[in-house]
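Peer 1: compute the structure for the input listed below.
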Amino acid sequence: MKKICWFLLLLLLLACLPLRAQTPRLLEGPEREAAIAGILQANDLRSTLQFRFVMTRHSALLTDDLVSRGHAAFAFPDRLRWEVTSPRRSVFVMNGELALDRRQQSLLHNLTKLSEGGLINEKDFGVTVYAAPGCWQVDLVPLRRDLSQLFARITLLADAATGALRSVVLSETGGDTTQLEFSDVVRGAALDPQLFLEP
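Peer 2: Next up, the predicted model:
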């Protein structure tokens with residue numbers, strides 16, 4: 001009986017080892033600063049940007065996650081096209097050169113702030129950086145009241161080798177989450193101005 005107990009305990013410990021190895025490690029000091037600098041450099045928004053996305057929304061009110069796919073284009077400082085291709089097509093266009101409604105003006109203000117300050121803004125967020133196998137994880141906890149009413153946390157996952165953003169997880173104050181996964185990212189290419197006109 002003792003041998004069986006020891007054997008089960010050993011199996012349990014061995015099963016836990018891989019989980020322990022995967023636990024993200026908190027970065028501090030120069031390591032933290034290097035990770036942040038790498039992410040900011042790789043994801044500089046002061047240019048043009050095109051990408052494909054998969055957006056997964058999880059809510060306690062739904063039995064299944066809502067998954068949508070599409071592509072987006074951005075031109076610094078104030079033009080954005082967000083196009084969902086499935087499950088139902090929709091297009092959102094914002095062009096700072098044209099008249100904007102109040103909602104778009106607010107969005108443009110935040111987008112401009114993000115473009116100029118970078119993805120990681122320690123003025124508006126408490127920032128914690130972790131290293132995990134092959135990636136950096138950055139947890140942003142809102143300090144501004146308007147942001148904290150919407151989000152409990154925003155998590156960025158970036159490739160450790162390149163700093164390129166892989167995904168963003170938006171954790172809302174009500175418990176719902178939205179995950180955006182990025183692929184086919186192209187930076188600095190010329191974009192057709194027609195992209196940023198209402199369809």
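Peer 1: find the nearest non-adjacent residue to the residue sitting nearest the centre point of the chain, please.
Peer 2: Nearest to the mean C-alpha position of the chain, by C-alpha atoms, centre = their mean, lies Val168 at 1.9 Å. Counting by C-beta to C-beta, 6 or more residues apart in numbering, Val168 lies nearest to Leu180, which is 4.8 Å off, once chain neighbours are set aside. Every residue, glycine included, has its C-beta placed from N, CA and C.
Peer 1: list the contacts for that neighbour?
Peer 2: By C-beta atoms under 8 Å, 6 or more residues apart in numbering, the residues touching Leu180 are Phe53, Val54, Met55, Ser167, Val168, Val169, Leu170.
Peer 1: in which helix or strand does it reside?
Peer 2: strand 177-187 (DSSP states H and E).
Peer 1: centre of the chain versus that strand, how much separation?
Peer 2: The chain centre lies 7 Å from the centre of strand 177-187; the measure is C-alpha atoms, centre = their mean, to the nearest Å.
Peer 1: for that strand, buried residues please.
Peer 2: Thr177, Thr178, Gln179, Leu180, Glu181, Phe182 (16 or more other C-beta atoms under 10 Å).
Peer 1: show me what the last one is bridged to.
Peer 2: I take that to be Phe182. Bridge pairing for Phe182 (DSSP bridges) gives the partners Phe53.
Peer 1: the second one too?
Peer 2: Counting by DSSP bridges, Thr178 forms beta bridges with Arg57, Leu170.
Peer 1: that one: what's it in contact with?
Peer 2: Thr178 makes contacts with Met55, Thr56, Arg57, His58, Val169, Leu170, Glu172, as judged by C-beta under 8 Å, 6+ apart.
Peer 1: ok, of these, which one's closest to Arg25?
Peer 2: Distance to Arg25 across the contacts of Thr178 (C-beta to C-beta) is lowest for Val169, with 19.0 Å.
Peer 1: which regions of the chain lie under the pLDDT threshold?
Peer 2: Where the chain drops to pLDDT under 70, the residues are 1-22, 99-100, 102-104, 107-108, 110-117.
Peer 1: quick one, helices of the chain?
Peer 2: 2-22, 29-42, 102-117, 145-148 (DSSP state H).
Peer 1: just how off-centre is the shortest one within its chain?
Peer 2: If I follow you right, that is helix 145-148. 18 Å.
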